[in-house]
Each structure stands twice: as structure tokens, then as C-alpha cells.
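[1] I'll drop the sequence and a predicted model, then ask my questions.
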Amino acid sequence: MPELRPGHDLAAEILRCAPWLADGDVLVVTSKVVSKVEGRLIPTSGDPAEREAARQQAITDETVRLVARRGPLRIAETRHGLVLAAAGVDASNVAGGEIALLPLDPDGSARRLRDAVAERAGLSVAVVISDSMGRPWRHGITDVAIGVAGLVAVRDDRGERDRHGNLLEVTEVAVADELAAAADLVKGKLSDIPVAVVRGLAYSDDGRGSSTLIRGADGDLFRMGTAEALALGRAQAGSGQASSGQSGADAGTGLGREGDPDVSALHADVLATLAAMPLNAGDGTGQAAIREGFYGLLAARPDATRRACVPGHVTASTLLLDSEGRRVLLTLHPRVGAWLQLGGHLEDGDSSLVAAAAREAAEESGIAGIVLDPLPVNLDVHPITCSLGLPTRHYDVQFVGWAPAGAEPVISAESDDLRWFEIEDLPAGISPELPGFIDRAVQRLAGSRAVGSP
């Protein structure tokens, strides 16, 4: 394949180079070539010192949680949930004046490539986006899957019996990682071959992409680096908490508490609010796992409450119901182009997270006397290009509130439209996450411990 650049058609190049591609094949594509065609490149000067400085800044920007550090080497968790050296930022196999970042949404990249091959060639293939990774206690790197479409990434053999009749209790096979590693035997790092085809594998698809490959915080025995572990121990000792059997989530992480260096009181309040949020482990919404992502961001970034934190920052929103709980006030967001709940960025002057949510609700609705439940109803993380003008992520803490009887909204400059909608008759073009948020808000309604708006 030629050297691909932003805007090039990766699917067309693959089909040109592999006219023999067949149904059932698996395309294993190096993430670097995906990053190139999607424009995930940072221009730098040719000066080595300036290029390295730009690389280090890119690592900082892509990091949501610093796992470990030794000298200039950083092991970091990315916004994708991957734990990688240098947060996946790479200066190899790119021009001297560039640095490559990982694709923003590797699963989405894999789906788009799979769909393009199906549309143009009528072929059903699976796609694995691969990247290289080092491993604890092992020398050398191997390729792993960071994006998957069209096949089951992890085959769960638990409950089966081996030939001797032994029950398999822990066997989950990372099929997508095995494909990525096998494909790299013919791709390599120096061959200029960014795509390999695996043929002959019988596979199925569960539609879950690469998500099953990421070990959740509850099952990660090595989640904290040394610095994090020491900080957690100091925090627990200072607060009199027993460390035995107490996870970071149970303790509100113990990190970023008020009084810690460079951490604001608002940062500490966000942690306390998240820790107090009621969760139902059996509701299937994954809120406990999402909360761990919030903890990771807050532990890694003292500035996580400020919009200037480019890798992602905490926001607050409110689903505002009328006094009878039958209608919801939605804003047509000019940047997103969808109907959403009210909300926005935290400000340094906000006394608490719920105060920020109340302020945003009042500013965007023009309604006084809004009442908020002090505990969040929902958590959501979504990519967005916000007022920074740069791709980032909003870690949105979502509350439910009620307007006084007869309240009439007044549209603000932050909205293209603002209307009440019956909960049973929502408009077209709503955010896909909104119906689930509304359901959980309505469930909270009956037993709410509502308090006056700050």
C-alpha cells in the first residue's frame, strides 16, 4: 500500500491491493494507518527537542489516569480505557514533522471500514484495529486489538468441560488479541505492510466491539501505580478509614481530597458526590464501571473540573421536569445539533457540583426556584468538540430537578430552541442516551430527597 494521508480512502486501498478478499476474512489493520487517514496527527518542527516536547505534551493531553512513571516513561490510561506506554502517542512510522495519536473511536473506525467493504464489494468481513503493547513481567511487545467489528472479541469458555471432565471456571480467550498478534507476524514494524488478512477462522459477532477486552476496575488487581497507592494510603490513614477490603470507589478513591496539593474544593466535592451516588449493580446500565472512569480522570488530573483540561473534564447537567413530573424541558444544542437536557461546564466559583448543575439549569431555562435532588441520577461520558475548539470528552454528572408550577422557560443565547415535551412524546433528534436518563429520573421522582436550588 502507498503512504496514506488524511482523507485517503482506506477501504478502497485495501480492495485495490486485495481483490481476492472473500466473505469470512478478517482484516487486521494497524492503528497507525487508521490514525493517518482520520487525521489523528500532530504537526511538529523538525527540531528533535521541540518534537519531544510536543510528544510529551500530547501524552499529557491523551492521559486520563497516570498509572506509573519512571523517568520520562509514563504508563497511562487513555480515554478508551487502554493502559499503554505514552498513552499510545507514537513518533514511529510517521514523517519527522508529525506525531500520531490513537484513533478517537477505534471500534467506530472498525465498523466504518467493515461497512465500506460491504457496500463496495458486497463482502462480509470482520475488522480488528491493532496496536502494539508491552506487558508486565514480559520483555518485548505484541500487537493487541483496540478496535473490533464483526466478531466476538472475547470467547467465554467458562462452564465448559475439558477432555478430562474438568469444569472451566476462569477461561476467557481474547480472540481479537490473538488475531492481532498473529497478523503482526506478517505485518511487523519495519515492513510497511499495515494490513493483514486472516482466513479460515470460524467466528460470530456479539456487536460489543472491543469493550469486553477491557478489564474493569473491580477486577483489576494492579490498577494503581506506586504514587497512587501511597496517596490512597495517606488519605485513608488521615481520615481514619480501614484499608482492608475498601476499594477506591468505596472510599471515594481517597485521592484528590480537599487539602491535597493543587486540588480544589470543587474537585473534592465532585469525588464526594460520586461516592454518595446510589447505584444498582443489577440494573444493567454499567453506571458503576462508568463511575470508575470518573475516578480515574479525577485521580490523574487535578484540573479535571476545568474546561481547559483537554483530555476530558467534568460537566454538570439537569433533567428539568415540570411540577407534575409529566413534561421535560429540553434545549436544542447549537453545537451538538440534538435535543438535550440543560447543563454545561463547571466554574471555579461554583461551591459544589450540585450548585453548578443548578446554576446551569437556571441560566439556560430562565426559570427561578428550581429544586434539585442533591444526588446524581446518571453518569455519561461522551466525545465532543466543546468551547475549547478541540476534541475532548465530557464526563457529565446528571441530576434531576423540578420547576415551580406554571414556570415558563426563556430561551438563552446558548440554545437554538427551548421547549417542554411530554415524556411520552419526545421529539425526533434527541440524544440517544436521553431516554435511559429520563427513565432513571422518573424512577427517582417518587422517593426523591429534593432540596432547594443552591
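    Right, received. Where do you want to start? Residues are numbered from 1 along each chain as shown.
[2] tell me the secondary structure at Asp184.
    Assigned by DSSP: H, G, I helix; E, B strand; the rest coil, the conformation of Asp184 is helix.
[3] ok, it to Val28 distance?
    Distance, Asp184 to Val28, by C-beta to C-beta, to the nearest Å: 8 Å. (Glycine included, C-beta is placed from N, CA and C.)
[4] joint contacts of the two?
    Applying C-beta atoms under 8 Å, 6 or more residues apart in numbering, one finds that Asp184 and Val28 are jointly contacted by 130, 196.
[5] give me the more crowded residue out of the two.
    Val28 (26 against 21; other C-beta atoms under 10 Å).
[6] ok so that one is a strand residue?
    Yes: using three-state DSSP, the assignment for Val28 is a strand.
[7] was I right about it contacting Leu179?
    Yes: contact criterion C-beta atoms under 8 Å: Val28 and Leu179 qualify, at 5.8 Å.
[8] need the overlap of contacts for these two.
    Common neighbours of Val28 and Leu179, counting by C-beta under 8 Å, 6+ apart, are 128, 198.
[9] buried sites along the helix or strand containing Arg114?
    Using DSSP states H and E, Arg114 sits within helix 106-121. By 16 or more other C-beta atoms under 10 Å, the buried positions in helix 106-121 come out as 106-114, 116-117, 121.
[10] so what does the helix or strand just after it touch, helix or strand wise?
    Counting by DSSP H and E, the next helix or strand C-terminal to helix 106-121 is strand 126-135. Applying 3 or more C-beta pairs under 8 Å, 6 or more residues apart in numbering; DSSP states H and E, we find strand 126-135 packed against strand 26-30, helix 31-37, strand 83-85, helix 106-121, strand 138-149, helix 175-187.
[11] how far is strand 126-135 from where the chain is centred?
    When C-alpha coordinates are averaged (C-alpha atoms, centre = their mean, to the nearest Å), strand 126-135 and its chain have centres 18 Å apart.
[12] parallel or antiparallel, list what pairs with it.
    Applying DSSP bridges, strand 126-135 is found paired with strand 26-30 (parallel), strand 138-149 (antiparallel).
[13] dump the buried residues of helix 106-121 into TSV; add distance to Val381 and pLDDT as well.
    What follows is the buried residues of helix 106-121, written out as TSV (distance: C-beta to C-beta, whole Å; pLDDT from 0 to 100):
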residue	distance to Val381	pLDDT
Pro106	16	93
Asp107	14	94
Gly108	15	93
Ser109	18	95
Ala110	20	96
Arg111	19	96
Arg112	21	96
Leu113	24	97
Arg114	24	97
Ala116	27	97
Val117	30	98
Ala121	35	97
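[14] rewinding a little: can you tell me which of the strands paired with strand 126-135 is most buried?
    Across the strands paired with strand 126-135, averaging neighbours per residue (mean count of other C-beta atoms under 10 Å) puts strand 26-30 on top, at a mean of 25.
[15] okay, and Ala413 sits in which element?
    Per DSSP H and E, there is no helix or strand for Ala413.
[16] same check on Thr273?
    Going by DSSP H and E, Thr273 is in helix 265-276.
[17] buried stuff in that helix?
    In helix 265-276, counting by 16+ other C-beta under 10 Å, buried: 266-271, 273-275.
[18] circling back: kindly indicate which of the buried residues of helix 106-121 lies nearest Ile75.
    Pro106 (19.2 Å; C-beta to C-beta).
[19] and that closest one, how far is that from His267?
    Distance, Pro106 to His267, using C-beta to C-beta: 30 Å.
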